[in-house]
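J.: Fold the following, please.
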Amino acid sequence: MGKKFVVADVEGWLNLPNVEIPSLKSGEETGSIFEVKKVGFVIADRKECKSKGLDAPEAPGGKAALPTAVVLFGDEYELCSLPLELSDWVQSCVGMAHSGMNAFPTKVEFGVLDNRAYAEML
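T.: Residues are numbered from 1 along each chain as shown. This next block holds a predicted model:
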């Protein structure tokens, strides 16, 4: 990564760029495809999340987990926030990586289908 990214709170996560996630009319359409280097979480104060209207999943120690991805834009990677709906997907990816099955970097398709955000490794 060309840049160093340090985000340690809700405000920092809210200020990250978002991955463009299109709404799809059917499963025949394709979402946005990005090269993703890795995924993870910003661990933040739960009360701060609630004050910003974020219902983030709980992390150890009573904290909140805000999902992120390091995405390639042009020739540079950038840390981006992901929708809270993708927290389970990020948690699965992190768990797989910790068990030795790291799928990244890889292309990932992001979209919203039937009012639900999804991420699919290609």
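J.: Going by C-alpha atoms from here, please, whenever you check contacts or count neighbours.
T.: Noted.
J.: Torsion angles phi and psi at the residue sitting furthest away from the middle of the chain?
T.: Relative to the centre of the chain, and counting by CA atoms, centre = their mean, the farthest-placed residue is Glu28 at 23.6 Å. Phi and psi for Glu28, reported as degrees, to the nearest 10, are phi -80, psi -20.
J.: same question, the one 5 residues further on
T.: Comment: the main-chain dihedrals of Ile33 come out as phi -110, psi 130, following degrees, to the nearest 10.
J.: How about it: what's its closest non-neighbour residue?
T.: Distances taken as CA to CA, 6 or more residues apart in numbering put Glu109 closest to Ile33, at 4.3 Å, once the chain neighbours are dropped.
J.: From Ala56, how far off is the one you found?
T.: Applying CA to CA, to the nearest Å, the value for Glu109 to Ala56 is 22 Å.
J.: So for those two, which residue has more residues nearby?
T.: Ala56 (20 against 17; other CA atoms under 10 Å).
J.: Would you agree the more buried one is in contact with Gly62?
T.: No: if you go by CA atoms under 8 Å, Ala56 and Gly62 don't touch, sitting 11.3 Å apart.
J.: who touches both of the two?
T.: When CA atoms under 8 Å, 6 or more residues apart in numbering defines a contact, the residues bordering Ala56 and Gly62 alike are Arg46.
J.: any chance you could map the helices in the protein?
T.: Ranges of helices within the chain are 10-14, 46-51, 87-98, based on DSSP state H.
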